[in-house]
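*Asks:* sequence? don't have it. structure:
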């Protein structure tokens, strides 16, 4: 069975309830065996943690110093290996530099300007002339097309109106 005082039991144990809230919980503990058992369990757990509170060992400082010293020797070994292999590293970097320079030179060799050559050919200029003529022709044809829609006279409209009214 769920007890509605279970939530307040922890506050009661740590003394965080005021006098108004503490009185109903105390009365309930007299009548509810489950809540009393839970309170006893909280007391046992609290006592256990108070007894087994670990203090830092005396060797903690010595362990920290040993770890720091080991880290320094590891750094010295890295420097030693780097000194032994600096020739290989320098050779690799020089090859990379030569490669980058050669690619840069090859991409910037003087190439003929293809755009100027394309515009100078007669075939291209003939096609451009024909396209320009086509554009002007389409523009002229579309400018005259609206006149054909308004080919009505006033007399014709009046005669159509009279026919419809009859």
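*Replies:* Ah, there it is. These numbers come from a predicted model, not from an experiment. Numbering: from 1, shown residues only.
*Asks:* every contact and neighbour count from this point should use C-alpha atoms.
*Replies:* Will do.
*Asks:* neighbours around residue 9, how many?
*Replies:* For residue 9, the neighbour count with other Cα atoms under 10 Å is 21.
*Asks:* which helix or strand in this structure has the lowest average pLDDT?
*Replies:* Every helix and strand of the chain was ranked by mean pLDDT, DSSP states H and E. The lowest is helix 114-120, at a mean of 59.
*Asks:* that one: what's the following helix or strand?
*Replies:* Counting by DSSP states H and E, the next helix or strand C-terminal to helix 114-120 is helix 122-149.
*Asks:* pLDDT on that next one, on average?
*Replies:* In this model, helix 122-149 carries a mean pLDDT of 75.
*Asks:* tell me which other helices or strands it touches.
*Replies:* Here helix 122-149 touches no other helix or strand, going by 3 or more Cα pairs under 8 Å, 6 or more residues apart in numbering; DSSP states H and E.
*Asks:* okay, now the unreliable bits of this structure?
*Replies:* For the chain, the stretches flagged by pLDDT under 70 are 1-2, 53-61, 63-65, 67-84, 111-121, 143-151.
*Asks:* buried sites along the strand or helix carrying residue 89?
*Replies:* In this assignment (DSSP H and E), residue 89 forms part of helix 86-107. The neighbour-count check on helix 86-107 (16 or more other Cα atoms under 10 Å) flags nothing as buried.
*Asks:* and if you look at stretch 28-44?
*Replies:* 29, 35, 36, 39, 42.
*Asks:* would you convert those into a markdown table that also reports distance to residue 14?
*Replies:* Formatted as a markdown table, the buried residues of stretch 28-44 follow (distance: Cα to Cα, whole Å):
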| residue | distance to residue 14 |
| --- | --- |
| 29 | 15 |
| 35 | 15 |
| 36 | 15 |
| 39 | 11 |
| 42 | 10 |
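*Asks:* which one of these is nearest residue 134?
*Replies:* Nearest to residue 134 among these: residue 42, at 97.1 Å, using Cα to Cα.
*Asks:* how about that closest one: what's its closest non-neighbour residue?
*Replies:* Closest residue to residue 42 apart from its sequence neighbours, by Cα to Cα, 6 or more residues apart in numbering: residue 13 at 7.7 Å.
*Asks:* just give me the neighbour total for the one you found.
*Replies:* For residue 13, using other Cα under 10 Å, the count is 14.
*Asks:* verify the stated contact: it with residue 40.
*Replies:* No. Here residue 13 does not reach residue 40: they are 9.8 Å apart, not a contact under Cα atoms under 8 Å.
*Asks:* so which of the buried residues of stretch 28-44 is the closest to residue 160?
*Replies:* For the buried residues of stretch 28-44, the nearest to residue 160 is residue 35 (104.8 Å; Cα to Cα).
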